[in-house]
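>>> Provide a 3D model corresponding to the input given below.
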Amino acid sequence: MDRPDLPAEIFAAVTETLALWLARGWTPVAADVSAWSAAHWRAAQWVAYWQAATPLWVELLHEANIPASQYPAGIVEVAALSRARTESMLSELQALIAGLRAEGVELAPLKGARVAPFYYQPMTLRALGDIDVLVRPADLPRASAWLEAHAYTFYSRSSEDIVYLHGTRTSEAWHPDNVRPLELHFRVREEFGGAGLTWDMSDALWQSATKQPYLQTETHLIAPVMLLCHLCAHTSSDMFIRRGKLQQLADIAHVAGTLTPDDWQRCMSQIPAARARFVFPALALTARYYLDLIPADVLSALREPLTPRLRAWCDGATLAAVSESNLESRDGIGLPLARLLATSHSETGHAVLRSLLPPRWNLVKRYPRLAASPFYPICYLLLNVDRGRQITRRLLRPGAAYNIRHE
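Below is the predicted model of the structure:
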């Protein structure tokens, strides 16, 4: 789906309305939605589509008794396709779990694959674009061999995962037959805005996991406390590069809503003060929309170690500002982001260097063939020449604001 040619203000407004609608139901947004123009409905359709929330939104439309004649064209069909895709992919994952277990390989589902079957009713309300699983590094050769013997095609490898594809591409991204990526993570290491700051959660996730029933099979399930930590770290990472999603806030809210006071204590014990900056942004953004969900003392404790600059940024963050609904340019070398997250001059310097010369495998999605070849250093030249061109274009445009992008 292409982005409609509409003013940025409309995208921002409908994004905030959708976030409130999802979190608090129809009543708080009824007046705003009733006043939407055709342009607002088109913008909302685009936001829900790319923020993986179409099935959830269609459910909200039904609950609000909004006449189907007001729905954007095709939204019900896309929601149905997305729900069928989730069901198909989870069935595929169960076959994968069984097949790899026969080879002595155990998996732990991550993100949507972990959340959908246990926190959404029905599970198909949680859209799945891909499947993420955690595997131990020693098991990679056997896992890869099994996948390649069962019609999975190698796509890319990074320092954290190997990506395989199943199926062929279709024109509809959410179609159940559209290509189904499998991200085989041998390390769960979140990066934060390319700022040279990382959090490797692999050992903690494995240590928390226990073998439990999983749909019609069984596998290792990450404990809810560590699941929440990972969801928050991943969402914060996306927020810093303006890739936040309605779906991510819903995931955090669904998991957080099941935690007991003791669970929250255990959660806090897993977050050292230096890593609060990687968890608090996502929790604070979720709390903006889902009222009284995150304990106030948890938010206060996580906010305390943050720098004043980052506190102010989190206090002012909205989904409209930290998602693709923000249409401002993201070109640049990431210096403002480094200053936002860094707590020392050395971290700032490392962040800028990491921006100019990112790890080789971080370039796979941008230059897939070149990054995988012996000539991968050319990627750095292409990356920074492109940045320079875009920055120059912005500076030469009268009245243009210079906004930093970090790849």
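>>> C-alpha only now, for contacts and for neighbours.
OK.
>>> which residues touch Glu183?
By C-alpha atoms under 8 Å, 6 or more residues apart in numbering, Glu183 lies in contact with Asp130, Ile131, Asp132, Val133, Asp161, Ile162, Val163, Tyr164.
>>> Just those residues: which are in strands?
Ile131, Asp132, Val133, Asp161, Ile162, Val163, Tyr164 (DSSP state E).
>>> Dump the contacts of Glu183 to TSV, plus pLDDT.
Shown next, in TSV, are the contacts of Glu183 (pLDDT from 0 to 100):
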residue	pLDDT
Asp130	97
Ile131	98
Asp132	98
Val133	98
Asp161	93
Ile162	94
Val163	94
Tyr164	96
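>>> quick revisit: kindly indicate which of the ones in strands among the contacts of Glu183 lies nearest Arg187.
When the ones in strands among the contacts of Glu183 are ranked by distance to Arg187 (C-alpha to C-alpha), Asp161 comes first, at 6.7 Å.
>>> What is the neighbour count of the residue lying closest to the closest one once chain neighbours are set aside?
Excluding its sequence neighbours, the residue lying closest to Asp161 (C-alpha to C-alpha, 6 or more residues apart in numbering) is His185, at 4.1 Å. Using other C-alpha atoms under 10 Å, His185 is surrounded by 26 other residues.
>>> Report the beta-bridge partners for His185.
Note on His185: beta-bridge partners by DSSP bridges are Leu134, Asp161.
>>> what about Ser300, which helix or strand?
Ser300 is part of helix 296-303, with elements assigned from DSSP states H and E.
>>> my bad, should have said Leu337
Assigned by DSSP H and E, Leu337 belongs to helix 335-341.
>>> Which strands or helices does the following helix or strand past that helix pack on?
Under the assignment DSSP H and E, the closest C-terminal helix or strand after helix 335-341 is helix 345-356. If you count contacts as 3 or more C-alpha pairs under 8 Å, 6 or more residues apart in numbering; DSSP states H and E, helix 345-356 packs onto helix 335-341.
>>> Just the CA trace of the least confident helix or strand in the chain by mean pLDDT, in CSV.
For the chain, using mean pLDDT, DSSP states H and E, the weakest element among its helices and strands is helix 345-356, scoring a mean of 76. C-alpha atoms of helix 345-356 as CSV (Å, rounded to 0.1, in the frame of the first residue of the first chain):
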residue,chain,number,x,y,z
HIS,A,345,32.0,11.7,25.6
SER,A,346,33.5,8.3,24.7
GLU,A,347,30.0,6.9,24.1
THR,A,348,29.2,9.9,21.9
GLY,A,349,32.4,9.5,19.9
HIS,A,350,31.8,5.8,19.5
ALA,A,351,28.3,6.4,18.3
VAL,A,352,29.3,8.8,15.6
LEU,A,353,32.0,6.4,14.4
ARG,A,354,29.5,3.5,14.4
SER,A,355,27.2,5.7,12.4
LEU,A,356,29.8,6.4,9.7
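>>> Can you list the buried residues in it?
Within helix 345-356, the residues that count as buried by 16 or more other C-alpha atoms under 10 Å are Glu347, Thr348, Gly349, His350, Ala351, Val352, Leu353, Arg354, Ser355, Leu356.
>>> give the contact list for the second one.
So the one you mean is Thr348. Ala195, Leu335, Ala338, Arg339, Ala342.
>>> Could you do the third one as well?
Gly349 makes contact with no residue under the criterion C-alpha under 8 Å, 6+ apart.
>>> about what we covered before: going through the contacts of Glu183, which ones are buried?
Asp130, Ile131, Asp132, Val133, Asp161, Ile162, Val163, Tyr164.
>>> Identify the residue spatially nearest to the second one, adjacent ones excluded.
Read it as Ile131. That would be Leu182: by C-alpha to C-alpha, 6+ apart, it lies 4.9 Å from Ile131.
>>> Same check on the fourth one?
Spatial nearest neighbour of Val133, chain neighbours left out: Pro109 (4.4 Å); criterion: C-alpha to C-alpha, 6+ apart.
>>> how much space between that neighbour and Trp26?
33 Å (C-alpha to C-alpha, to the nearest Å).
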